[in-house]
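Peer 1: Quick check, what structure comes out for this input:
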Amino acid sequence: MSILVTPQGVFRLYQFDTEKEFERCVLSQVEMIFGKRCVYLDCKRRIGKQGTKQSVPDAYLIDFSSQREPKLFIVETEIASHDLFQHIGVQILQFAHSFASAPRQVKQLLFDEISKDTKVYEACEGYALEYGLRNVDNMLDHLVNDTFRALIIIDEATDELYKVVKNFRFPVEVIEVETYQGAGGDHIYRFTPLFKDVSDVIESIEEREQRPVDIAEFDTIVVPAREDGFQETFLGKNRWYAIRIHASMIAQIKYIAAYRVAPVSAITHWALVKNIEPWQDTGKFVVNFAEPAKEIGPVPLVPKSKVKALQNTRYTSFDRLQKAKSLDEVF
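Peer 2: The predicted model follows:
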C-alpha cells in the first residue's frame, strides 16, 4: 500500500467504499483541482429527450482558463473498484447522446444552476463579456453547441480505465485524485490540477490565476528525448511515443519538437504531425510524423532561468518556437 511520510505523521492510501464518499472529498478540493477560473456545478439532473434513454451526469464544469473561448465538460466521478465499462464507458456514451439530442434542455439546466448563486452568475457574466459574448445566455448557447467533452474524476487511473477511454471519439480528460488518511482520520490529497501541466512554468495557483494561459494558441508539443531514443525513433522512425497528451488538445496539435536532454540541452528538431493515436492501453499516445524531422535553432536551455530542463511534455505555439532564441522564449 502506498504511504506518504509527512511532518504530521504517516498517511496511507485510502480506499473508498462508495462513490458518494469519494465525491465529498472531490468537492472539498474543487478550487485546487480546477482553479478559480472554472465553475463547478454540482448537480445531478436527468438530461435527454423524453421517451429515450436519459442520463444523469454527476456534475458540469465550465472552464474559463483559455483566453479565447470557454469549454464545458460533463463530469463523471467514479471509484476504480467499480465495473469501469458499465459505470464509465456506457454512462459517458449515454451522456454524449443526451447532450446531442437535447441541447436546449442542457442549456436550461446550466442556466438554472448558475442562477442559484449570485456570485456564480456574476462571475459567468464577467467571463462572457471577456470572450465578447453578450451575456450568460449567449455563452451557454456557445457551450452546448460546441464539441462534447467529458471529464472523469477517479481515485485510481488504471489500465482498465484507459482501455475504455481510448475508444471514445470525443475528448475525455482524466483526473486521478488519490486520498491518503492519517492515524487521526485526517486526509491529504494527491492530484494534478486540470491543465496544470500545460503551463507548469507557472508554479502556484495564485500565479496561474493572475496570468491565465491561452491554451487555444498551442499547436506544438515539445517532448524531452534522450540521445538514443531521439536518433532511433524521432529521426529513424518518424514518430514518438509514449506521450501523455490532454485529450482536449489533440485536435489542435500540428507540430512536435524534440528537446534533447543534457549534454545537448536544447530543442534541435521539429516535425509536422500526421496523426496522434492511442498507445496500447496506457492512457498515452503515439505521434506519427507527416515527414522527416527538420532542424531548428538550436533553442538552448539558459542556466539559472525560470524555465528548467524539460522532464515532461510541454506545449507552445509553432510561431513562438520559430522566433525563440532560448527556452525562456518558447514557454
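
Peer 1: Hmm, His142 and Lys107 touching each other?
Peer 2: No: at 10.0 Å, Lys107 does not count as touching His142 under the criterion of Cβ atoms under 8 Å. Glycine gets a C-beta too; all of them are placed from N, C-alpha and C.

Peer 1: Which one's more surrounded, the two?
Peer 2: Between Lys107 and His142, counted using other Cβ atoms under 10 Å, Lys107 has the larger neighbour count: 18 against 15.

Peer 1: doesn't that one fall inside a strand?
Peer 2: No: looking at Lys107 with DSSP: H, G, I helix; E, B strand; the rest coil, it is helix, so not inside a strand.

Peer 1: Tell me how far it lies from Asp42.
Peer 2: 18 Å (Cβ to Cβ, to the nearest Å).

Peer 1: again with Gly229
Peer 2: 44 Å.

Peer 1: Those two: which is more packed in?
Peer 2: Between Gly229 and Asp42, counted using other Cβ under 10 Å, Gly229 has the larger neighbour count: 18 against 14.

Peer 1: Kindly state the beta-bridge partners for the residue nearest to His87 when sequence neighbours are not counted.
Peer 2: Among residues not flanking His87 along the chain, Glu78 sits closest, at 5.5 Å (Cβ to Cβ, 6 or more residues apart in numbering). Per DSSP bridges, the residues bridged to Glu78 are Ile154.

Peer 1: Contacts only, for Glu78.
Peer 2: 19, 22, 84, 87-88, 152-154 (Cβ atoms under 8 Å, 6 or more residues apart in numbering).

Peer 1: Is Cys38 in contact with Tyr60, as I believe?
Peer 2: No: counting by Cβ under 8 Å, Cys38 sits too far from Tyr60 to count as a contact (10.7 Å).

Peer 1: Next secondary structure element downstream of the helix or strand of the chain with the lowest mean pLDDT?
Peer 2: Sorting the helices and strands of the chain by mean pLDDT, DSSP states H and E puts helix 205-210 at the bottom, at a mean of 48. With elements assigned by DSSP states H and E, the helix or strand that comes after helix 205-210 is strand 220-225.

Peer 1: Show residues contacting the very next helix or strand once past that following strand.
Peer 2: As assigned by DSSP H and E, the chain's next helix or strand after strand 220-225 is helix 227-229. Applying Cβ under 8 Å, 6+ apart, the external contacts of helix 227-229 come out as 260-261, 264.

Peer 1: Noted, bye for now.
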